[in-house]
Every structure is written in structure tokens, then in C-alpha cells.
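Engineer: dropping the sequence and predicted coords here.
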Amino acid sequence: MQAPTIGGVQVPRGTGQVVRLPRGASLADFADKIGANPASLVQIMLHLGEMVTATQSLSDETLQLLGAELNYDVHVVSPEEEDRELLESFDIEFGEDEGDEADLVPRPPVVTVMGHVDHGKTKLLDTIRNTNVAAREAGGITQHIGAYQVTTEHEGETRKITFIDTPGHEAFTAMRARGAQATDIAVLVVAADDGVKPQTVEALNHAKAAEVPIVVAVNKIDKPDADPHKVRAQLTEYGLVAEEYGGSTLFVDISAKENIGIDDLLEAILLTADAELDLRANPNQAAQGLAIEAHLDKGRGPVATVLVQRGTLRVGDSIVCGEAYGRVRALLNDKGQQVQEAEPSCPVQVLGLTSVPSAGDNFIVVPDDRVARQIAQQRAARQRSAAMAKSSRRRTLEELFKDMEKGQPRELKLIIKGDVSGSVEALEDALLKIDVGEEVSLRVLHRAVGAITEYDVNLAIADENAVIIGFNVRPEVRARELAEREGVDIRYYSIIYQAIEDVENALRGMLKPEYEEVQLGVAEIREIFKVPRVGNVAGCVVRSGVITRNAKARLIRDGVVVADNLTVQSLRRFKDDAAEVREGFECGIGLGYNDIKIGDTIETFEMREKPRT
């Protein structure tokens, strides 16, 4: 029997049967499933008004449109299903199966700290750990995810609790949501003097969506205008009723600053864990878990912070994490100490991966390196196909704004580079949510972790409208020179607010006169001198420009900004104070910052008003 024709093309028609295709499948993939000639499907797509090639990745909608035309029920496999099928092809199980009941042992609860920006989440963890995380964050806002394990006494025995600190700014919704998915208990921090805020409600919704118990920490009770009862009343509207009001939610009044009520909070967490959860895991199986954060370190290579959810992760294990793979070369705990293994609920930094995984990627231990490489390569190929399916002069944001004034619709294309994968993901998510109407659209061409490279600049050169955004990173030397030569617009940010506002203002045509950063000089650290009562002083040679006393400065290590908002506090030539030191001369620079290393770069700059024409 001859096959029916569509638009003059013979093709086998279906009878409503299901055809399973991966994301970004091509007409050749479809033809292979139904036993057709790919060329005939190309002609059918032309008949449907779309011109595609046989090997081109197609969107889900296009595949389903073609399936409906040929009477096939096209089912585009979800990423989770694809991953499960991929692992099953290697006889690897990923999921909740932890073996027999006798194999399960108690594990520490994993606690996510959530809440509104500036309500004291990171300060609370600082108090628990006696550290100072927020001081290392730009603007005092947590912009990375950290995981820490603490030990406390409870009912006469030593217990451990794993904390995940999530960023508080609204742009980090995705990061907070990821924290909620990895957690057993959510601690909702609410300031007693500020009450419930929109981001408090958002964090609460994430915790409810994850279906985890919630403990409320009412912080800043030491302030004169603190009103803990008001917080309890406000949260009642959202379904959190305190025990003293007849509900089931534990509320603990604390002051992270004054170290009040911290032990009570830890006790409430353990009471909630014991009463509502059966926290057990099998430590004897191959490790599985979640990448919480990842970044690129020149000395150590890709570094991923992972949370082991089941099994035991050991040095020497072959591991796959998203599209990254490798053999575990070293494990570091939250104090930076090397450990040989990590049991369930233990957060560790993993060294030995071939690339930087994305925050939120699942990791799994596999039998050997060959299997790890094959799984990672297939995942990467699948991801490229999916990205391709979605998807003459260079233009600056200012030029885009001028075009908008003329009524010309434009597309702003961005390349985003950052110091850690969570920040890059959160920044992309925030920028894509900017609502600017139909006059202009925004598209992210590429995002990655690490310094801005020649590849990034060349990608911007190849596309007229591309703007590079560097979040806590700087370009490599050759990349900077290429960008200056070709006129590629590179924007640098250390706080996510500024990046969002700059892009949004440009898109809305509201870019006002502002201050621009002008580089004054660059010096390379050659020696480090320890001066009593002063600290470390950098012995430098000025590579370009002029180093001026009292100028603003930043410290750059391997293309990544290590410290911002510094000042050249002292500047000396041999034993004499100097007002400035020019290119080619040696000098001693005191920044009031001791974490400096030989090979670091000190970049000085000043802010000058940039007039608008």
C-alpha cells in the first residue's frame, strides 16, 4: 500500500501512537522514529510554513505541530526523564531507593535559613559559627550560597545541624528555591522591628512548596521598637500559628547581634526534626546529592560545594555533577580542612572536576571515570540541542537607548560572566524578568563562570548588539585589549542591584547622567612585607597608569575580584611617602587588607561624572 501524501510528499501517517523525542530533536531524529525520509519531513515543514533543515534542533512546539500533522502524539521527554533514562542505560539508579531498613542510620537535619533582605539571616549564622560571612559580601548582602555544619548539645548528646545560607535579595529567588528543595527544615528569619515583608512571604511560599516544617526566628528583639507579638500576628495570616496561640509552629525570639536565644533556636530545630521527620539515610551506598554552589579557582581548578544526601562521598570516587565529571581529588569541609569522606547531610567542597557545574545540579558517584565521562558528554550534547532549539557594528546600551527614542524596536543581547554559578544564574533570571513591553527584547547569548575571555569578546563581536556583563570578574589581558580595540561594551558590577537597574533603565529609556569608573593605574604585587601594627604591605611594580594615595582600589586574583571598595591608605617609594607613583616604578602599597598574594593585581580607579548628550 502506498503511503499517503501531504502537500504532494509521500510520508507514513501515524494512527495516534506516541513518539518520544528528546528536547531539541531534529527532523532526522523524528524520521528515524517513524521510518520516514528526513527530506520528506523537510518538505512537509515547508508546506506548514516553516523552513528548517533535517539536522536543525527544533522547539517542542514545532515537533508537536509536525506530529499532529502526521497523526502522531509527540511526547517531548522532560530533562528529568532524559536523565533517568540516561543513568538507567548505565545501570545506575538515582533517587530515593536507599536499600533495606536495617541499612538506614540517623543523619543531621539540613536547615535552610530564609527571609527578607537585611533581617539578619547571615548574622544569625555568623553568631552560630562565630564567623563573619557578610563582611566578605559586596554591600553586605549575601550573594552566594554557603553551607555550614555546626555541633550542639541536645538532651545530653552531641548533635549536628547542617545550615544552608541563602541570599536575601529578591533577584535570588531561584537560589532560595533551590535551597528549599535541598532542605529538611526551613528557618524563617523575621526582624521584630520590621515585620513581614514581600520577600518574607516569598521565602515562606518556597518552604511551603517544598513541604518542609518551618521554624520562625524572630530576630532583633534587642531593638527598642521590636514587637515580636506583631510578627506572630502577621504570620498567622499566612498559616503559621505559634504554639502559644494554639498552633503548631515554633517561634523563637532571638538577637543574633547580642547572642540571645541562639541555643533555644537550635533546640527548636532539633525538636522539630525529631517530632516531624524521620531523618535517616544509608551511608554505605554510592553517594548522591546536590551541588549548592560552584566556582573556578586558578590554583585548584573547578570547585563545587556539594551536599551529600545519601551514601558516603570519598576521596578517589568517580563523580558526575551535571555536565561536569572527574575523580574526587580532595574534599574540604566548611572550615577549609581536608577530610577523607563525607556522610549524609554533610556539605563539602569537591576538587577534581573537569569543569564548573551549575548550582542545583545533581551529583552521583559512578563506577569509573569512563562511565562518568560518557554520562557528562551525553548530558552536554543534550543540553546544547535544547539550547539551540530555544534560541554590523557593536552597540552600547546608550546607542540602544537612542534607537528606542527613534521608535526602532531592538533586541539587547547579553553575555554574563560571574565568579560563581549561583550568582550568574540569579542575575540572568533577574534580567530576563525585566518587563519592558514589546519595543525591546532581551536575550542572554552566553553565561559562564570565570574571568571574561577572548571567546566572550569574540562572541560579542560576532553579534552587533551584544553587551558583556562582568559580575565580580574582570577580563583577561588579551580580552581587555581586544574589547578596547573592537569597541565591545563591557559593564562591571559587584552588586546585583546595580546591574539590574542599569539594564532596566537602558531598556526603559531612563538612563540618566551618571558617574563612570575611570582606571587610574594597575600594579602587580611582587613581594609581601609584614609591618607590625599595620599588617601586610604589598611590594609592587606599577604596570600602567599612575598609583595615587587615597585612590579607590580593588584586588584582583586570576581575573576575579577578591576585594572591592579598598583604598590606597599608604604609598611609599623606598622609605619615603609618595603622593603618586608612575608606570615602571616600584612602590609599597598599603590597602588595609591582609589577604594579599604574590601575583595579585591592584587596580586603582576614580568615579567621574559622565555627561549625557
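Structural biologist: Now that the structure is in, tell me what you want to look at.

Engineer: what about the most centrally placed residue in the chain, distance to Val303?
Structural biologist: Geometric centre of the chain, nearest residue: Gly422, 0.6 Å, by CA atoms, centre = their mean. When distances are taken as CB to CB, to the nearest Å, Gly422 and Val303 turn out to be 13 Å apart. For the C-beta atoms, the positions are set from N, CA and C on the backbone; glycine is no exception.

Engineer: surely the residue nearest to the centre of the chain and Glu293 touch.
Structural biologist: Yes: using CB atoms under 8 Å as the test, Gly422 is close enough to Glu293 to be in contact (5.2 Å).

Engineer: neighbouring contacts of the lengthiest helix in the chain?
Structural biologist: Longest among the helix segments of the chain by residue count, using DSSP state H, is helix 369-390. The contact list for helix 369-390 (CB atoms under 8 Å, 6 or more residues apart in numbering) reads 22-25, 56-60, 79, 82-83, 86-87, 90, 92, 318-320, 322-327, 354, 366.

Engineer: just how off-centre is that helix within its chain?
Structural biologist: If you compare the mean C-alpha spot of helix 369-390 with that of the full chain, they lie 20 Å apart, counting by CA atoms, centre = their mean, to the nearest Å.

Engineer: now do stretch 458-474
Structural biologist: The chain centre lies 19 Å from the centre of stretch 458-474; the measure is CA atoms, centre = their mean.

Engineer: also stretch 466-483?
Structural biologist: Relative to its parent chain, stretch 466-483 has a centroid offset of 19 Å by CA atoms, centre = their mean.

Engineer: before we move on, back to that, buried ones in the longest helix of the chain?
Structural biologist: For helix 369-390, burial by neighbour count (16 or more other CB atoms under 10 Å) applies to 371-376, 378-379, 382-383, 385-386, 389.

Engineer: now these as a markdown table including distance to Gly545 and pLDDT?
Structural biologist: Conversion of the buried residues of helix 369-390 to a markdown table gives the following (distance: CB to CB, whole Å; pLDDT from 0 to 100):
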| residue | distance to Gly545 | pLDDT |
| --- | --- | --- |
| Val371 | 52 | 88 |
| Ala372 | 47 | 88 |
| Arg373 | 46 | 90 |
| Gln374 | 50 | 89 |
| Ile375 | 49 | 88 |
| Ala376 | 43 | 88 |
| Gln378 | 49 | 84 |
| Arg379 | 45 | 83 |
| Arg382 | 47 | 76 |
| Gln383 | 42 | 75 |
| Ser385 | 47 | 72 |
| Ala386 | 45 | 69 |
| Ala389 | 47 | 65 |
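
Engineer: okay, those in TSV with distance to Leu235 next?
Structural biologist: Conversion of the buried residues of helix 369-390 to TSV gives the following (distance: CB to CB, whole Å):
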residue	distance to Leu235
Val371	48
Ala372	46
Arg373	49
Gln374	49
Ile375	44
Ala376	44
Gln378	46
Arg379	41
Arg382	43
Gln383	40
Ser385	45
Ala386	40
Ala389	43
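
Engineer: so which of these is the closest to Cys540?
Structural biologist: Proximity of those to Cys540 was ranked by CB to CB; the top entry is Ala376 with 41.7 Å.

Engineer: by contact count, what packs against the longest strand along the chain?
Structural biologist: In the chain, with assignment by DSSP state E, the single longest strand is strand 514-531. In terms of contact count using 3 or more CB pairs under 8 Å, 6 or more residues apart in numbering; DSSP states H and E, strand 514-531 is assigned the packing partners strand 535-548, strand 586-590, strand 601-610.

Engineer: list the buried residues in the shortest one.
Structural biologist: Buried positions in strand 586-590, judged by neighbour count with 16+ other CB under 10 Å: 587-590.

Engineer: check stretch 182-200 too.
Structural biologist: Of the residues in stretch 182-200, those scored as buried under the neighbour-count criterion (16+ other CB under 10 Å) are 182-197, 199-200.

Engineer: now stretch 537-547
Structural biologist: Residues of stretch 537-547 classed as buried under the neighbour-count rule (16+ other CB under 10 Å) are 537-540, 542-543, 545, 547.

Engineer: of the residues you listed, which pair is most distant in space?
Structural biologist: Farthest pair in the buried residues of stretch 537-547 (CB to CB) is Val537 and Gly545. Separation: 20.4 Å.

Engineer: ok, which stretches of the stretch 1-150 of the chain are strands?
Structural biologist: 5-6, 9-10, 18-21, 73-76, 105-106, 110-115, 146-154 (DSSP state E, counting those that start in this stretch).

Engineer: as a markdown table, those with mean neighbour count and distance to Asn259 would be great.
Structural biologist: Formatted as a markdown table, the strands of the stretch 1-150 of the chain follow (neighbours: other CB atoms under 10 Å; distance: least, CB to CB, whole Å):
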| stretch | mean neighbour count | distance to Asn259 |
| --- | --- | --- |
| strand 5-6 | 14 | 75 |
| strand 9-10 | 16 | 76 |
| strand 18-21 | 16 | 57 |
| strand 73-76 | 18 | 54 |
| strand 105-106 | 13 | 29 |
| strand 110-115 | 28 | 16 |
| strand 146-154 | 17 | 14 |
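
Engineer: kind regards, and thank you for your time.
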